[in-house]
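*Asks:* Below are the sequence and a predicted model; questions follow.
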Amino acid sequence: MPTTQEKITASPIGRDTPRVDGPRKVSGRAQYTADFHFPGMLYAVPVEATIANGRIVKLDTAAAEKMPGVRAILHRENIGKIFSSVLEQGFEGVCEERRPPFEDDVVRYYGQYIALAVADTFETAKAAADAVRATYTKEKPNVETHLEADNEPDTVATTFEERNRLDSKRGDPDGAFASAPVKLDQTYVTPSETHNPLELHSTTAIWDGSMLTLYESSQGVVNLRGVLAQMFGLPKENVRVITKFVGSGFGSKLWPWTQCPLAAAAARQVGKPVKLVLSRKMMFQSVGHRPRTQQRVRLGATRDGKLVSLQHDYIYQRSMLEVHHEDCGEATPFQYSVPNLRVTFGRAKRNVGAGADMRGPGRVPGLYATESAMNELADQLKMDPVKLRILNEPKIDESKGIPFSSRHLLECFALGTEKFGWSKRTPEVGSMKRDGLTLGWGMAGCSWIAGRFSAAASLQLRDDGSVRVASATQDIGTGTYTILAQLAAQKTGVPLAKVEVALGDTALPEGPLSGGSMATESVVPAVFAAADNAIGSLLTIATTTPGSPFEKRKSDDLGFEGGRVFAKADGAAKGVPFGDLLKRANLRMVSGNGKSEATFGDPKAKFSTHSFGAHFVEVTWQPEIVRLRVSRVVSVMDAGRIINPLAGRNQIEGAVVMGIGMAMLEHTSYDPQNGAPINSNLADYVVAVNADAPPIEVHFLDFPDKEINELGARGIGEIGLAGFAAAITAAVHHATGVRVRELPVKIENLLA
């Protein structure tokens, strides 16, 4: 049996750990952005354009302004100055829709905000917004689904940087394709998908002189602070952003949207706190979406399956003003070994709101196309699709000519085939049966980028034996509160129950975005450095405090383990709890600060850093009633060391369910007459629910990646969605013989 001390010092890293914030959520004590209330608070509701292409000729606000309880109807003429923002160095100042609200009278997409009603109650504000009348000159909107690239220069501006439209090239892809004995040339289409997190976007703005405080549903409080400081001409230290809990975001809450400066401008005008909560319908119009993509993939191979040419030319839909880049070719240059490769992109303007990052941006639709092409090539070669991928496994990142920090995709394939029972697969269409149903089996590989954003953290050791760890990152429902508690417990030996975690406030040390699956890997070194600094100060206190048991020793003679300070010569068993030493010194706490530098985007990187994985999917097909179901999933992930396997499995399971939605259900349709999203509600925009979720097995490999951080941990929020739709469409073909190349899979596809 382990001793009490052994139990205390047992590592919390790698253990299934329930969410430390769970009790607050299930008891209702967790405050989301819309839960905050302040004396004298007013409510704001935007007025939305009911056209997608035209100009505002007249805005009639008279009836709305006369309503009892209405404090203001704000519009272009009276909103006050809102400045534009620009991208700053160090991945700051990021914003997808840079045009300040009400900047001009041009309407570029349906639902664009054209006025704002502010009133004593939400109901009054809604009635006033409905009473505003707009007169337009309008033109037919362009929401055409077929994409043809606009005539743009070779280098174009995108969200984060200028990009060359020739993404990547090596060898002679055209010549190699022309001479390849086996060729595949297909186009794959993914639709516009809309973020639908449970929590609606919301902002509450409060001014105190020149100080602006925002309660915001945000995945990046530090970035939002910088953007809003620019928009209102304030020093960053005059803006505070608070996000205690986020009801998920899927990327839609990464960057500021126009409701945020609108709420701030309204609060400035009326001199009171103003709350603005979007409706579900507005979420389909003005807070981003995954853009529609159209991707041509050409593969050339030898008859034994070796790739000789890969060409990936993709086009994505963009808004009339904004420059979001849907990086579908991100993984293409290194996923498989091929000597001749070209990746290019084009963009097609449409009268829709700005595109945005959505779980696995770029790589998720991109891997759908390239992994689907690999599956089709395997069928064409009459080769097992796993074998085809193994045959084309690269030894290095061939796009950069540098090694991978850690790549264990072959082990993912091996474990996945074993756990799924892949060896029992018969390749003929419709050849597998069970319980009167036709089975379809499919698989796909996947990957996701790994790296670190810059991060800072602080850690306090307190005289009651507790620990406080803090960082201005945020928990979007993925378990960041728990991860920071585990990290602090690991370094201090304090039980999780005695660790307090503070997040979601720009008053704290600057933390990373909750995006790109990089929050966890970014905070590890910062928290560890903060703990080391606090412990270093504690050891100094232990040797300098009169009456301390270590008074006459040097700091170097002391050790710290399990929450105790001890003389190395005597061993940890004779240690003294740090709280006792602080009390003796009459100190409430001792603090340490830590920072870590970004590795993401390093042009001089020595290693290519990614996570990898594989999905294996079974579908059941009942042609008599045209019923297609996903019946079983096995996912294997090579994602470094998993800090919390319980939360990790939750992440992959959630991504798999979202992948079922992507492959079989989700798509946003736009009305060609007025440009409105037609299915802008959760009744008509169908997402996967509990009844659609099959048994899901998740397996993690254990290969820590020490190039990322001390623990070797990488992020896992997005990789579970990457590649998954291609595994489903392969299974659909295996069961039905129907090759679906445009998502989602529809009944009419299967009836054709």
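*Replies:* All right, it came through fine.

*Asks:* Number of residues surrounding the closest residue to K306 other than its chain neighbours?
*Replies:* Using CB to CB, 6 or more residues apart in numbering and skipping the chain neighbours, the partner closest in space to K306 is L391 (6.2 Å). All C-beta atoms are positioned from the backbone trio N, CA, C, and that covers glycine. Per other CB atoms under 10 Å, the neighbour tally for L391 reads 16.

*Asks:* residues in contact with L391?
*Replies:* D304, G305, K306 (CB atoms under 8 Å, 6 or more residues apart in numbering).

*Asks:* mind putting these in CSV, neighbour count, secondary structure and distance to H615 included?
*Replies:* CSV is the format used below for the contacts of L391 (neighbours: other CB atoms under 10 Å; DSSP: H, G, I helix; E, B strand; the rest coil; distance: CB to CB, whole Å):
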residue, neighbour count, secondary structure, distance to H615
D304, 10, coil, 25
G305, 20, coil, 21
K306, 16, coil, 24
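
*Asks:* Out of those residues, the closest to Q294 would be?
*Replies:* Ranked by distance to Q294 (CB to CB), those are led by G305 at 27.2 Å.

*Asks:* So for that closest one, what's the pLDDT?
*Replies:* With respect to pLDDT, G305 scores 98.

*Asks:* From L184, how far out is it?
*Replies:* 12 Å (CB to CB, to the nearest Å).

*Asks:* Now for the two: what residues contact both?
*Replies:* In contact with both G305 and L184: L377, using CB under 8 Å, 6+ apart.

*Asks:* Just name the closest of the contacts of L391 to E666, please.
*Replies:* Closest to E666, out of all of these and judged by CB to CB, is G305, at 33.2 Å.

*Asks:* Name the secondary structure element that contains the closest residue to A356 other than its chain neighbours.
*Replies:* What sits nearest to A356 in space, not counting adjacent residues and going by CB to CB, 6+ apart, is G288, at 2.5 Å. Of the helices and strands defined by DSSP states H and E, none includes G288.

*Asks:* Verify the contact between G288 and G355 for me.
*Replies:* Yes - counting by CB atoms under 8 Å, G288 does reach G355; the two are 6.4 Å apart.

*Asks:* Now do the shared contacts for these two.
*Replies:* E96, H324.

*Asks:* dump the residue contacts of D185.
*Replies:* D185 makes contact with R296, V297, R298 under the criterion CB under 8 Å, 6+ apart.

*Asks:* Using the three-state scheme, assign it.
*Replies:* Using DSSP: H, G, I helix; E, B strand; the rest coil, the structure places D185 in strand.

*Asks:* Look at it and report its pLDDT.
*Replies:* pLDDT, read off for D185, is 98.

*Asks:* Report the beta-bridge partners for it.
*Replies:* Beta-bridge partners recorded for D185 (DSSP bridges): R298.

*Asks:* Could you shift the numbering so residue one becomes 517, and keep it that way?
*Replies:* Let's use 517 as the start, then, which means that last one is D701.

*Asks:* From N569, how far off is it?
*Replies:* D701 is 35 Å from N569, by CB to CB.

*Asks:* Same check on F1216?
*Replies:* For F1216, the distance to N569 - CB to CB - is 49 Å.

*Asks:* The residue nearest to A872 - how many residues pack around it?
*Replies:* That count, for G804 with other CB under 10 Å as the rule, works out to 28.

*Asks:* now the one 3 residues further on
*Replies:* Neighbour count of P807, defined by other CB under 10 Å: 30.

*Asks:* Just say helix, strand or coil for the nearest residue to it once chain neighbours are set aside.
*Replies:* Spatial nearest neighbour of P807, chain neighbours left out: G871 (3.9 Å); criterion: CB to CB, 6+ apart. Under three-state DSSP, the three-state class of G871 is coil.

*Asks:* Look up the pLDDT of G871 for me, please.
*Replies:* 96.

*Asks:* Pull up the gap between it and V1150, please.
*Replies:* From G871 to V1150 the distance is 32 Å (CB to CB).

*Asks:* Give me the more crowded residue out of those two.
*Replies:* A direct count of neighbours by other CB under 10 Å for G871 and V1150 places G871 higher, at 27 against 24.

*Asks:* if I look at the more buried one, how far off is R806?
*Replies:* Taking CB to CB as the measure, G871 falls 7 Å from R806.

*Asks:* Give the intersection of the neighbour lists for those two.
*Replies:* Joint contacts of G871 and R806 (CB under 8 Å, 6+ apart) are E842.

*Asks:* buried set for stretch 565-581?
*Replies:* Buried residues in stretch 565-581, counting neighbours by 16 or more other CB atoms under 10 Å, are found at A565, T566, I567, A568, N569, G570, I572, L575, T577, A580.

*Asks:* Check stretch 924-942 too.
*Replies:* Quick answer for stretch 924-942 (16+ other CB under 10 Å): H924, L925, C928, F929, A930, L931, G932, T933, F936, W938, R941.

*Asks:* just stretch 1005-1023 next, same as before
*Replies:* In stretch 1005-1023, counting by 16+ other CB under 10 Å, buried: 1005-1012, 1014-1022.

*Asks:* Which helix runs longest in this structure?
*Replies:* Secondary structure of the chain per DSSP state H: the longest helix is helix 1035-1060.

*Asks:* What average pLDDT does that one get?
*Replies:* 97.

*Asks:* Can you name the next helix or strand after the helix or strand of the chain with the lowest mean pLDDT?
*Replies:* Within the chain, no helix or strand scores below helix 520-525, which has a mean of 42 by mean pLDDT, DSSP states H and E. Per DSSP H and E, the first helix or strand lying C-terminal to helix 520-525 is helix 538-543.

*Asks:* Name the residues that touch that following helix?
*Replies:* Contacts for helix 538-543 (CB under 8 Å, 6+ apart): R535, R545, A546, F761.

*Asks:* Pick the one among those residues closest to N1166.
*Replies:* R535 (9.4 Å).

*Asks:* Find the nearest non-adjacent residue to the closest one, please.
*Replies:* T998 (5.2 Å).

*Asks:* what packs against the one helix or strand that neighbour maps to?
*Replies:* Taking DSSP H and E as the criterion, T998 maps to helix 996-1008. Other elements packing on helix 996-1008 under the criterion 3 or more CB pairs under 8 Å, 6 or more residues apart in numbering; DSSP states H and E are strand 971-978, strand 983-986, strand 1015-1018, helix 1035-1060.

*Asks:* Show the end-to-end separation of stretch 1229-1240, please.
*Replies:* End-to-end distance of stretch 1229-1240 (CA to CA, to the nearest Å): 23 Å.

*Asks:* swap that for stretch 741-760, please
*Replies:* 15 Å.

*Asks:* And for stretch 798-806?
*Replies:* 16 Å.

*Asks:* and it, how far out from the chain's middle?
*Replies:* Counting by CA atoms, centre = their mean, to the nearest Å, stretch 798-806 is centred 15 Å from the centre of its parent chain.

*Asks:* got it, and stretch 745-765?
*Replies:* The answer for stretch 745-765 is 19 Å, by CA atoms, centre = their mean.

*Asks:* ok, and the closest non-adjacent residue to A696?
*Replies:* G816 (2.9 Å).

*Asks:* The one you found: how many residues sit nearby?
*Replies:* By other CB under 10 Å, neighbour count at G816 equals 26.

*Asks:* how close does L826 get to R741?
*Replies:* 42 Å.

*Asks:* Looking at these two, which has the bigger crowd around it?
*Replies:* L826 (30 against 26).

*Asks:* pretty sure that one is touching T848, no?
*Replies:* Yes - at 6.9 Å, L826 counts as touching T848 under the criterion of CB under 8 Å.
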